[in-house]
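In: Structural data only, the sequence is not supplied:
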């Protein structure tokens, strides 16, 4: 008589959706998933089953630096890549600045 019945679960789900809103639930679920992944990694640390991939979370891994060549063409191509990336960054900043007034207006 005190066991959870299907209609209890339905009411519970409806209350959660009403309290938190449908927009925040996916973000919350994503955050819980990341927390579970971190928790699993930490429990592996205690048991000593740490592999090379688990040494550092994917978000914090560094990209290995590109070996610089001694030729001028290698340096020039790297300079071109840096200039291209800076131009892309400026374009993204302009787009973001243009989107901000639209979001504030609505």
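Out: Nice, thanks for sending it over. As the structure is a prediction and not an experimental result, all values here were calculated from the model. Residues are numbered from 1 along each chain as shown.
In: How many residues are close by residue 41?
Out: Residues within reach of residue 41, counting by other C-beta atoms under 10 Å, total 15. (C-beta placed from N, C-alpha, C; glycine too.)
In: Could you do the one 3 residues further on as well?
Out: When neighbours are counted by other C-beta under 10 Å, residue 44 registers 13.
In: which is the next helix or strand following the helix or strand containing residue 14?
Out: Using DSSP states H and E, the element containing residue 14 is helix 6-20. Proceeding N to C from helix 6-20, the next assigned helix or strand is helix 24-47, under DSSP H and E.
In: Show the average pLDDT along that next one.
Out: Per-residue pLDDT over helix 24-47 has a mean of 89.
In: Now do the buried residues in it.
Out: Under the neighbour-count criterion of 16 or more other C-beta atoms under 10 Å, helix 24-47 has nothing buried.
In: That helix: what's the following helix or strand?
Out: Counting by DSSP H and E, the next helix or strand C-terminal to helix 24-47 is helix 72-105.
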